[in-house]
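Peer 1: 3D model of this:
(2 chains)
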Amino acid sequence: MLLVPCPNCGPRNAADLSYNGESHARPDPTTCTPEDWRTYLYLRDNPSGWLRESWYCSSGCRKHFTIERHTLTGELRTPILPGSKPGATKGETK
Amino acid sequence: MSHRLPASEGEVLDRTKTLPFTWNGKKLEGFEGDTITSALMANGHHIISRSMKYHRRRGALTADYWDPNTTVQVGDEPNVRASHRKLEAGMQVSAQNVWPSLTFDIKAANRLVGRFLTAGFYYKTFMKPAALWPTYEHVLARFAPGGEVDLDTPHGRYDKRFAHPDVVVAGGGPAGLSAAIAAAEAGASVMLVEHEHRVGGHLLWGTEQDRARAAELAAAARTAGVEILTNATVTGRYEDNWVAISERSHPGVIERLIKARAKTLIVAAGTIERPYVFEGNDLPGVMTSGAVRRLITMYGVKPGTQAVVFSANESGDAAIDDLRRAGVSIARVVDALTGERIVSATGSKSRVKEVLLDDGAKITCDLLVTAVGWTTPTSLLNMAGDRPVYDANAARFFPAGAPDNVLATGGMIGDGALDDLLEHGRSTGELAAGRAAVVRHRLQAATARAEAVNGPEPAYPPDERVPLDRWPHPELFRAVTHGIVDYSEDVSSKDLYSAAAEGFDSVELIKRFTTATMGPSQGKLETVNTVAVLAQAKGDSIADVGTTVWRPPYAPISLGALAGRINEPTRRSVIQPWHEANGATPILAGQWVRPDHYGDPAAEVRNCRENVGIIDVTPLGKLDLQGPDVPKLLSLLYTNKWMQLPIGGVRYGIMCAEDGVVLDDGVTARLGEEHYLMTTTSSGAARIWSWIEMWLQTERPEWRVHVTPLTTGLTSINIAGPNARALLGRLTDIDLDNDAFPYMQVRQGTIAGVDGCIAWRIGFTGELSYEIHVPSGHGLAIWERLLADGDDLGVKPFGLEAQRIMRLEKGHFIVGQDTDGLSKAPVTGLDSLLRLDKDDWAGMPEVRWSLESRDHPVLVACQPDDGTVVPEEAAQILRSGTNEIVGRITSSRMSPTLERSICLAQVDRAFADAGTSLEILLVDGRRITATVNEHHAHFDPEGERLRG
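Peer 2: Prediction:
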């Protein structure tokens, strides 16, 4: 099981958190087309390599944060709480 | 115990303790320390199983955990590995997969039709016609291998444990012990896992001096503080060294699953001796050198009287010494190093009798011992990404490389004298401890609140270990004849040849087609022989064919251990004990134990409609919302408008997910200028709390809103019925007059002397009703006061079932009952609540497009024309006279108020108009008709009662 570095709680078993998948910007609901909206809902890049995704520390501090994960190696880096800048938190383990 | 040797120094038996047991009903005795196999063999029973397909008699082959031929039934437990399981007094052991008996087995007739059971037989034969599949299944099930499962077996005790050791060592042989000691002495916390019942590895069946060294190492490991787990297996290695350990020796439980986060994992799994492939290689009496050494030295069993030994290495030579010591005469040593080979073995049905050599000699014997080389069990390294590489000179695969936090030592990576193995283990243990210290430091430093933990980070130690030698070994896999490759799956080298000829010529393909390596020993004995035979068949080298990738688990884990304790936490309101003491039938609703009813739900409904009832609705999700931006939050999450809700107002709302599907519903009250109380469905409480936090943290971080869950902090009671006002009025200082406190309003005040209570008027039951939320410490007292003070008003408690009937009478839908994961908000028919004139709300675009296209089903109320019939929930609604599904019943009940059946249903829009006749298919196949109502409410559609 992955050890996920929560910016607040530190490294935690992935089972302590909820996985919310690839980070996607929410389109403007008043102007978006069905294609835009359904891309936001369903389509994922699923790259082989680095991916920015969102996690929720549901059994810990209950904070949402994003983190980069390498989909081949499982490596994790740069966890960021929404609204803060990269490097402002120190949760990296590798 | 006719085949028991005199007591000797190395045995693990306690001959002062005799254990009675039965074998296929026959009474036998063994000693404390015996395995089931050693006890059977000591009693002269050397046939222990029948093979899977051909039902050939089989005896011990390796006499250890991996022995494919010694799987038995013990009492109600099937598939017990008899060569590993310790004998216990009173065990009822029997052969499995035989009928009617082990010695006379009708299914052995499969041998006669063996040519039909070759590779891919099942795939080819049981394909067509599809109509016969049920028949095939029935026939095959009778011939399936494995023991009998007793469905009445009580659930045993299993457990789980989480551990955070610095170093986990998989394997308690000399190298593993040495590594564990060195790591512990370097300051690491160490867990050593050994799948045998004692540590020491191959030293245990070696010389007297070997055993003395093993005892020294075990004592040193204990002194150094190593946690030693025996009869335990590291079954898997996952990301970030998450290590699963199945421990079968923990007191009080059958099996315990340990989930360990190892900072460094040392794999010291040793080697596994390979069987040799030749005609007759599965006759009882054909064994590996390791098997006879273990049986003689550890278990005092004489494995035969006259032996042929085919030896290519020092283990075969040691077996010869052991056999001589046990009084077994050596008929012939076939020395592989000088080029001698065996060709085939023949025997009676029950025992090997003669061995044919390549010089034409025929040697009479009742025991044939082979020592032809080793398999490296690289499973755990494979799981860490290692792909082993074949070394023809040493005739075995070796690991090629794993991540920095996984280190291998011992026989897996090379050969050497005992001192060489110990030294390599020692340097590996030191390296592992050094690297674990760095990982530990990084983990501690990675928490935001931990500043400068333990000073600066230690240096990361490089791998400077002196590698072990690799001793040359002849490549010995198959004789010139064909024999069994996979004993547990009954796959022969001939099968592999024919599969290769059919084009299954990659190792991963041939494995799946023939099922070689896919039986209970999972390739531990068979993989390298499979690869070697395939290489021969293709005329390729073993290195080019490569090997299969071992996946978890390394050894089987019982489902019970994965499940752990049966420990499903449930929640209860403070009133629940009262409910159960007063005749309530409990029901588990989500996580909550609630009163379903108190004997007669229909009577509870009538009492609410005529007098007054009270229900404990504490599980209702309750969220306290405070801050200036709460109205914006409510507008964003609910589909309707919230910016103008006055203080004292209560409003109902529906929430959607971003795909427009109904997520939750409930009422929210404005208690003060910037203070709101939201209620959610009982099952949605946790989800909606998270949902709100997600929006506030990620999409609207600038909004000022505090969210506090109050679900269990407030006890909630709904008081419903014509006498509700009179009842609550006796207990509260809140003015309940209909003008002062009208429908859909909230007030705060004192109830039964308790300050800080909240009361609101809502209409879920359709009656005049006050829902009160009181501090939970007073919940039970207030409940009891309501009952005591309202006795003359006819107050009675009612349960969940009565509430569900009443809400159905009123046509209120339940999220998850009348809607599902495909039901977008317009399905509810509550279009007036779907406000597209707002800027934004969760799921709005999908709801807009859904309303534009109108291609969704819609929720309607309907009544069967025969009011005595209650259609089942989920019964299909069909286009009349056809099988075309146009909807389904989502809720149905017999209404005590209307004295007829009532339903809610989702139907295609064409069937949603009032007066439409619906055809409902009942579960028993009957079709009935029902008529769509004008309103969702079957009862009091104008809502006069709840506003009164």
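Peer 1: Which residues does stretch B:229-236 contact?
Peer 2: B:168, B:170, B:172, B:191-199, B:243-249, B:258, B:265, B:380, B:383, B:552-555, B:557 (C-beta atoms under 8 Å, 6 or more residues apart in numbering or on different chains). For every residue, glycine as well, the C-beta is placed using N, CA and C.
Peer 1: Could you pick out the buried ones from these?
Peer 2: Burial by neighbour count, judged by 16 or more other C-beta atoms under 10 Å in any protein chain shown, picks out B:168, B:170, B:172, B:191-199, B:243-248, B:258, B:265, B:380, B:383, B:552-555, B:557 from the contacts of stretch B:229-236.
Peer 1: quick one on the thing from earlier: in strands, which of the contacts of stretch B:229-236 fall?
Peer 2: B:168, B:170, B:191-193, B:243-247, B:258, B:265 (DSSP state E).
Peer 1: how near is residue B:622 to residue B:685?
Peer 2: 8 Å (C-beta to C-beta, to the nearest Å).
Peer 1: Kindly tell me how buried the closest residue to chain A within chain B is, as a neighbour count.
Peer 2: Nearest residue of chain B to chain A: residue B:447, at 3.0 Å (C-beta to the nearest C-beta). When neighbours are defined as other C-beta atoms under 10 Å in any protein chain shown, residue B:447 has 19 of them.
Peer 1: Just give the nearest non-adjacent residue to it, would you?
Peer 2: Using C-beta to C-beta, 6 or more residues apart in numbering or on different chains and skipping the chain neighbours, the partner closest in space to residue B:447 is residue A:10 (3.0 Å).
Peer 1: my read: the one you found touches residue B:446, true?
Peer 2: Yes: here residue A:10 reaches residue B:446: they are 5.0 Å apart, a contact under C-beta atoms under 8 Å.
Peer 1: Which strands and helices lie in contact with the helix or strand hosting residue B:221?
Peer 2: Element membership of residue B:221, judged by DSSP states H and E, is helix B:208-223. With contacts defined as 3 or more C-beta pairs under 8 Å, 6 or more residues apart in numbering or on different chains; DSSP states H and E, helix B:208-223 has these neighbours: helix B:174-185, strand B:227-229, helix B:418-445.
Peer 1: Give the buried residues for it.
Peer 2: By neighbour count on 16+ other C-beta under 10 Å, the buried set for helix B:208-223 is B:210-211, B:213-214, B:217-218, B:220-221.
Peer 1: again with stretch B:74-89
Peer 2: B:74, B:77-87.
Peer 1: and the end-to-end length of that stretch?
Peer 2: Start and end residues of stretch B:74-89 are separated by 12 Å (C-alpha to C-alpha, to the nearest Å).
Peer 1: quick check: mean pLDDT across that stretch?
Peer 2: Computed over stretch B:74-89, the mean pLDDT rounds to 94.
Peer 1: Pull the residues that contact that stretch.
Peer 2: Against stretch B:74-89 from outside (C-beta under 8 Å, 6+ apart): B:19-21, B:30-40, B:48, B:60, B:62-65, B:67, B:70-73, B:91-93, B:96, B:146-150, B:153, B:196-197, B:520.
Peer 1: let's see 6 Å
Peer 2: B:19-20, B:30, B:34-37, B:39, B:63-65, B:67, B:70-72, B:91-93, B:146-150, B:153 (C-beta atoms under 6 Å, 6 or more residues apart in numbering or on different chains).
Peer 1: Give me the phi and psi for residue 72.
Peer 2: Went with chain A since none was named. With angles defined as degrees, to the nearest 10, residue A:72 sits at phi -90, psi -40.
Peer 1: ok, and the nearest residue to it once chain neighbours are set aside, which helix or strand is that part of?
Peer 2: Spatial nearest neighbour of residue A:72, excluding adjacent residues (C-beta to C-beta, 6+ apart): residue A:48 at 6.0 Å. For residue A:48, there is no enclosing helix or strand under DSSP H and E.
Peer 1: quick one on the thing from earlier: can you convert the buried residues of stretch B:74-89 into CSV and add a column each for secondary structure and distance to residue B:4?
Peer 2: Below are the buried residues of stretch B:74-89 laid out as CSV (DSSP: H, G, I helix; E, B strand; the rest coil; distance: C-beta to C-beta, whole Å):
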residue, secondary structure, distance to residue B:4
B:74, strand, 22
B:77, strand, 26
B:78, strand, 28
B:79, strand, 27
B:80, strand, 22
B:81, strand, 22
B:82, coil, 17
B:83, coil, 17
B:84, coil, 20
B:85, coil, 19
B:86, strand, 17
B:87, coil, 13
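Peer 1: Neighbours of whichever residue of chain A sits closest to chain B, how many?
Peer 2: Proximity of chain A to chain B (C-beta to the nearest C-beta) peaks at residue A:10, 3.0 Å away. Residue A:10: 21 surrounding residues under other C-beta under 10 Å.
Peer 1: Return the set of residues that bridge with it.
Peer 2: Beta-bridge pairing for residue A:10 (DSSP bridges): residue A:6.
Peer 1: Output stretch B:538-549 as PDB, restricted to C-alpha atoms.
Peer 2: Extracted C-alpha coordinates of stretch B:538-549, given in PDB (Å, rounded to 0.1, in the frame of the first residue of the first chain):
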ATOM      1  CA  LYS B 538      11.300 -25.400 -28.500                       C
ATOM      2  CA  GLY B 539      15.000 -26.000 -28.800                       C
ATOM      3  CA  ASP B 540      15.700 -22.800 -27.000                       C
ATOM      4  CA  SER B 541      17.800 -21.900 -24.000                       C
ATOM      5  CA  ILE B 542      16.300 -21.600 -20.600                       C
ATOM      6  CA  ALA B 543      17.600 -18.000 -20.400                       C
ATOM      7  CA  ASP B 544      15.700 -17.200 -23.600                       C
ATOM      8  CA  VAL B 545      12.400 -18.800 -22.400                       C
ATOM      9  CA  GLY B 546      12.700 -16.900 -19.100                       C
ATOM     10  CA  THR B 547      10.500 -17.500 -16.200                       C
ATOM     11  CA  THR B 548       7.000 -16.600 -15.000                       C
ATOM     12  CA  VAL B 549       6.500 -13.700 -12.600                       C
END
